[in-house]
Structures are given as structure tokens and as C-alpha cells.
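*Asks:* Model the following, please.
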Amino acid sequence: MPGETDLTKLLATMKPKLHEQTYVFATLPATRVSPADLDVVMTFREVEGLTLIVEEEAANRANLAGIFRCRMITLEVHSSLEAVGFLAAITARLAAAGMGVNPVSAFYHDHLFVPVNHVGDAMRILELMTEEARG
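*Replies:* Modelled structure (predicted):
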């Protein structure tokens, strides 16, 4: 199942879903692994360290210093990892509204980590983009 590549179809059917939890980004030294009991949404290993996206409460319990308090919006369309311009179109619109966003692509969906104070605006923009793509 390769996923959708057509930009118009992606935008028209993306169904943004806002998750209830607040997330943070945290880091551990590159030589460490995340604690076994920590439910991590995403990890990414860089030379400088291991990046974790984790629920804020879980980070606090694990004594991890989290930054970038955000909410996750899942774009509920199976987008291809080879789709061209999907996240570029979305992040450009969010940037034009003055908000930073950290997008993450996974096998089935794209996810946007949006600052907690911009969630309402982000959802309105995404819903508007869907309406515009549907014509």
C-alpha cells in the first residue's frame, strides 16, 4: 500500500485530527537509549543526541527537560513517502500565519507538532485548505 501522491487529493482528504495530549521534545546523550518504561511517540538519533517526542507528563515523570510544548495534529490520509509538496504547502500556510510547526512523516500519515497557543489557528487553516482543495 504505497499511499496517495496527488497533492490535490491529499489536501482535499487530509482530515486533520487534533490529539488531546500535550507533547514536548527532549534529548538524551547520543550514547543513551530512551528509558524502557517511557512511551515515546518518536525518536531520532543525531550525532549530538537522541531526540524524543513524548507526552509532557511522561517527560516530567522521567525527569526529562522538555521544550516546545505542542499538540499533535495527525493528517488522516495515507500519504506516500514520495508525495511531492504536501507538507511544503501546509507548512508554508502555517508559516504565513506566523506559526512554527515541526512536521513528522511516518509510514501511513504525516503529523504536525504545533505550539499549544496556535492549535486553534492551525486547525482552522488546515480545514480551510481542505475546503479550498475540494473546490
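*Asks:* So what are the sheet partners of the strand ranked longest in the chain and their directions?
*Replies:* Counting by DSSP state E, the longest strand found in the chain is strand 16-28. Next to strand 16-28 in the sheet, as set by DSSP bridges, lie strand 50-55 (antiparallel), strand 67-75 (antiparallel).
*Asks:* Can you pull the poorly scored residue ranges out of the chain?
*Replies:* In the predicted model, the chain carries pLDDT under 70 at residues 1.
*Asks:* mind listing the strands for it?
*Replies:* 16-28, 40-45, 50-55, 67-75, 102-105, 110-115.
*Asks:* send the alpha carbons of the last one over as PDB?
*Replies:* Backbone C-alpha positions of strand 110-115 (Å, rounded to 0.1, in the frame of the first residue of the first chain) are rendered in PDB as follows:
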ATOM      1  CA  ASP A 110       2.000  12.900   8.400                       C
ATOM      2  CA  HIS A 111       1.900  14.600  11.800                       C
ATOM      3  CA  LEU A 112       2.200  18.200  12.800                       C
ATOM      4  CA  PHE A 113       3.500  19.300  16.200                       C
ATOM      5  CA  VAL A 114       2.100  22.800  16.700                       C
ATOM      6  CA  PRO A 115       2.700  25.100  19.600                       C
END
